[in-house]
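Peer 1: coords please:
(one chain, ligands or ions: 1)
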Amino acid sequence: MTDPPPPAPHAGLLEGLMREALREAARAGEEGEVPAGAVIARPDGLPVSRGRNRVVALSDPTAHAEILAIREACRLTGNYRLEGLILVSTLEPCAMCLSAALHARLRAVVFGAPEPKWGAAGSLMDISAVPGMNHRLEFLEGGVLAGECAGAIREFFRRRRKGEAPCAQGPQGGTR
Ligand SMILES: [Zn+2]
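Peer 2: You can find the predicted model right below:
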């Protein structure tokens, strides 16, 4: 007999992890990157790795918070699969990041604010719900501290328009 899976993390635990992800997002914003952050954690709430958006600093369009958190968790665990772990992201993951979460066999994905332009967890599409997909998330849930997560983005662009925010610029001056 196999052991039953550990219970799904409760709302308070997810909020605590989202606050960690928000701290990562704030660091990205201080560096002039669009403020997005992510944490990968065990179901009991112990964080394994963290990531923040660094596309400009690394000149890398794949350097989203979630991808960097997944890479770090794989490096630390010495495993290309992250079975049983949970990804918590301040923004709805894009198709690339949600696909990476599925490849990594993550247990669940939780996000804060919806992302109408890139979101692949329900806004534009739901990649995880494609029939026949090789891996199923146990749950995919948005709206955790959504107001704070969306507010961080809004405030970043408001300050940038006023010339107050640090502005990391690649050769094309793009951000994300
Ligand atoms: Zn992404």
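
Peer 1: tell me which residues of stretch 122-138 are tucked away?
Peer 2: 122, 124, 127-128, 137 (16 or more other CB atoms under 10 Å). Yep, even glycine has a C-beta here, placed from its N, CA and C like the rest.

Peer 1: now the longest helix anywhere in the chain, how far from the centre of its chain.
Peer 2: Longest helix in the chain, counting residues (DSSP state H): helix 11-30. Helix 11-30 has its average C-alpha position 10 Å from the chain's average C-alpha position, going by CA atoms, centre = their mean, to the nearest Å.

Peer 1: Next secondary structure after that helix?
Peer 2: Downstream of helix 11-30, the next assigned helix or strand under DSSP states H and E is strand 37-41.

Peer 1: ok, so of the buried residues of stretch 122-138, who is nearest R158?
Peer 2: Taking CB to CB as the measure, R158 lies nearest L124 of these, at 24.6 Å.

Peer 1: Need the per-residue pLDDT for that closest one.
Peer 2: Predicted confidence (pLDDT) at L124: the value is 96.

Peer 1: Would you quantify the distance from the residue nearest to it when sequence neighbours are not counted to the ion?
Peer 2: Once flanking residues are discounted, L124 sits nearest to W118: 7.1 Å by CB to CB, 6 or more residues apart in numbering. Counting by CB to the ion, to the nearest Å, the separation of W118 from the ion is 7 Å.
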